[in-house]
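Trainee: Attaching a predicted model along with its sequence, questions to come.
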Amino acid sequence: MRELNKTAPALKDHPAQAASASGAAPSGGTSTFYTRREIRFILAFALLGTLFDGAELNLIGFPLAYISDSLHVSTIALITVATVQGFASILGGFVFGTLGDTLGRRRTFAISVLAFGVAAALGGLATNYEIFLLTRVLAGVGMGGLFGLSFSMFTECWQTKKRGTMGGIIQSMYFVGEILTAGLIYLFLSTLGHDLGWRAGYIAIGLISLVIGAASLKLLPESKQWLAYQEHRRNGTLPPELRRSKVPVIDIFRPRFAYGTVLFMILSTAMFLTTNSVGAYLSTYLLKTQQLPLDTVSLIVLLGYVSTIITYSTTGFISDRIRRKYAFTAACVFGTAGFAWFVSLLTSGHAHITGAFWTAPAFWALMMCAGGAGGFGVLGVWMSEFFPTRIRSTGSSASYYVGRGLGAGVFPLFALTLTGTVPFALALGIIGPVAGVLFSVLTPDRTGRTIADLE
């Protein structure tokens, strides 16, 4: 785990960078060497951070029909909640990304998880639509830092040639979070009924999150590269070109990084269009359009998650061999084929799924659609390798959550309004992988580079 890649050419210009890249103490005196124990804890919390990121999004999508009944609102009203929550996550991405670079990875991570826990618990207690909406806004803001923080911490400690492979596994936890959320809520729905069931699920997930957030304050190590950079700032030993602005958001839009920042925002949006067209509409499509029972729907949704986990991990593995951008492109081509197949079945009137769902072509097309978001398996590492330590959290979080706000927030509402039906709103997700293919080839790629304190 401590194997280092070759030092990037940029490090040759600054001796302190070369020292930190080799694991020795930089000129400021702070070591950037990680023990195995520290790496294990960072990896564990990176996995948990991505898990909570997925759990938060699925808290609306899976029990949508039951929340709608409890709060006496329409499906479109709850899709509006997802839209507002998506916009809140954009704000959270900028706020918590900035805090990650200024306050530190560890404390910002803890604040994000604690905010999510509070929001989930309060959401389960909501007595009306307005209160529920406010809790989801809090969740959106609070979760705005987890992706960027998780991958910043991971990339900074994991200096091996298999960074993409492990990054794909970390991102797979997003759908493990969705699986656990669906399983827990299904358990409560089955035992407590539709109204108390989803509420108990929200409260349980909230309480678990609060425990994890509190634990991270004690157990999660701070980034050694971030600490070393902060020491350089205090000692006044930073080269002028490596000084960070007081507001790091300014830096990610400076000429050196603006091109990559914008393209990563586009790619993130494309991936959320892909995954959220399935996540927002699949269970409702199966329950209300195909008239399948809850247990069958839950199994199909679970298999969709498994399909996505496989493609996440596969894309990460491939990215260590053919570069991040080409692995991302390949995943988008796969997703485009799946959506095109589903569209053809819908338009020809053959998109039928029965209890024996494994015999239906529409089922397999939907599994390809779910797996079409495999580009997410490489996106976190790809972005973290692009941005330097001083703005890594800001750049990664802002890029990811702008995409989440547009793809997971605006798109579901737009798709349903435009198409008028849930099946075609789901099918409109084809826009995502197509955009991913077009823009991934233009995006800068620094596959496998060494991460240092001064870059």
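Mentor: Perfect, thanks for sending it.

Trainee: For Gly55, which non-adjacent residue is spatially closest?
Mentor: Not quite, residue 55 is Ala, not Gly. Among residues not flanking Ala55 along the chain, Gly177 sits closest, at 3.8 Å (C-beta to C-beta, 6 or more residues apart in numbering). To be clear about C-beta, it is placed using only N, CA and C from the backbone, and glycine gets the same treatment.

Trainee: same check, this time on Glu385
Mentor: Glu385's closest residue in space is Arg446 (C-beta to C-beta, 6+ apart), at 4.6 Å.

Trainee: Determine the number of other residues adjacent to the residue nearest to Ala55.
Mentor: Residues near Gly177, counting by other C-beta atoms under 10 Å, number 25.

Trainee: How about the contacts made by it?
Mentor: Residues near Gly177 by C-beta atoms under 8 Å, 6 or more residues apart in numbering: Thr50, Leu51, Phe52, Asp53, Gly54, Ala55, Glu56, Asn58.

Trainee: Recalculate using a threshold of 10 Å.
Mentor: Contact analysis of Gly177 by C-beta atoms under 10 Å, 6 or more residues apart in numbering lists 47-59, 205, 305.

Trainee: Please apply the same query to Thr394.
Mentor: Per C-beta under 10 Å, 6+ apart, neighbours of Thr394: 93-102, 145, 148, 152, 244-245, 247-252, 261, 387.

Trainee: And the contacts of Gly177, which two are furthest apart?
Mentor: The distance between the two most remote of these (C-beta to C-beta) is 19.2 Å, for Leu47 and Leu59.

Trainee: quick one: least confident helix or strand in the protein?
Mentor: Ranked by mean pLDDT, DSSP states H and E, the weakest helix or strand in the chain is helix 15-21, scoring a mean of 38.

Trainee: Beyond that one, next helix or strand please.
Mentor: Next helix or strand after helix 15-21 toward the C-terminus (DSSP states H and E): helix 36-61.

Trainee: Can you list the buried residues in that next one?
Mentor: 39, 41-43, 45-61 (16 or more other C-beta atoms under 10 Å).

Trainee: And stretch 160-167, by the same measure?
Mentor: Buried residues in stretch 160-167 (16+ other C-beta under 10 Å): Lys162, Arg163, Gly164, Thr165, Met166, Gly167.

Trainee: what's the distance between the closest residue to Met368 other than its chain neighbours and Gly432?
Mentor: Leaving aside its sequence neighbours, Met368 sits nearest to Gly338 (C-beta to C-beta, 6+ apart; 2.6 Å). Using C-beta to C-beta, to the nearest Å, Gly338 is found at 11 Å from Gly432.

Trainee: need the strands for the protein, in chain order.
Mentor: Read by DSSP state E, the chain holds no strands at all.

Trainee: contacting residues around the residue nearest to the spatial centre of it?
Mentor: Centroid-nearest residue in the chain, with C-alpha atoms, centre = their mean: Phe147, separated by 5.3 Å. Applying C-beta under 10 Å, 6+ apart to Phe147 gives the contacts 49-50, 53, 89, 93, 96-97, 112, 170-171, 174, 268, 376, 379-380, 383, 393, 396-397, 399-401, 403-404.

Trainee: Please produce a ChimeraX select command covering the buried subset of the residues you listed.
Mentor: In ChimeraX, a selection of the buried entries from these looks like this (16+ other C-beta under 10 Å):
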select :49,50,53,89,93,96,97,112,170,171,174,268,376,379,380,383,393,396,397,399,400,401,403,404
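
Trainee: Identify those among the contacts of Phe147 that sit within helices.
Mentor: 49-50, 53, 89, 93, 96-97, 112, 170-171, 174, 268, 376, 379-380, 383, 393, 396-397, 399-401, 403-404 (DSSP state H).

Trainee: re earlier: the buried residues of stretch 160-167 into a markdown table, with extra columns for pLDDT?
Mentor: Conversion of those to a markdown table gives the following (pLDDT from 0 to 100):
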| residue | pLDDT |
| --- | --- |
| Lys162 | 90 |
| Arg163 | 94 |
| Gly164 | 95 |
| Thr165 | 95 |
| Met166 | 94 |
| Gly167 | 94 |
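
Trainee: Rebuild those as TSV, extending it with distance to Gly436.
Mentor: Shown next, in TSV, are the buried residues of stretch 160-167 (distance: C-beta to C-beta, whole Å):
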residue	distance to Gly436
Lys162	24
Arg163	21
Gly164	17
Thr165	20
Met166	22
Gly167	17
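
Trainee: and of those residues, the nearest to Glu231?
Mentor: Taking C-beta to C-beta as the measure, Glu231 sits nearest to Arg163 out of those, at 25.2 Å.

Trainee: quick one, helices of the stretch 151-300 of the chain?
Mentor: 163-192, 194-219, 224-235, 248-252, 255-284, 294-322 (DSSP state H, counting those that start in this stretch).

Trainee: Determine the angle, from 0 to 180 degrees, between the second one and helix 294-322.
Mentor: Computed with axes from the mean of the first three to the mean of the last three C-alpha atoms, to 10 degrees, the direction of helix 194-219 lies at 30 degrees from that of helix 294-322.

Trainee: From the contact counts, what lies against helix 194-219?
Mentor: Here helix 194-219 touches helix 36-61, helix 64-71, helix 105-124, helix 129-142, helix 163-192, going by 3 or more C-beta pairs under 10 Å, 6 or more residues apart in numbering; DSSP states H and E.

Trainee: okay, those helices in TSV with distance to Glu222 next?
Mentor: Below are the helices and strands packed on helix 194-219 laid out as TSV (distance: least, C-beta to C-beta, whole Å):
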stretch	distance to Glu222
helix 36-61	9
helix 64-71	38
helix 105-124	5
helix 129-142	20
helix 163-192	19
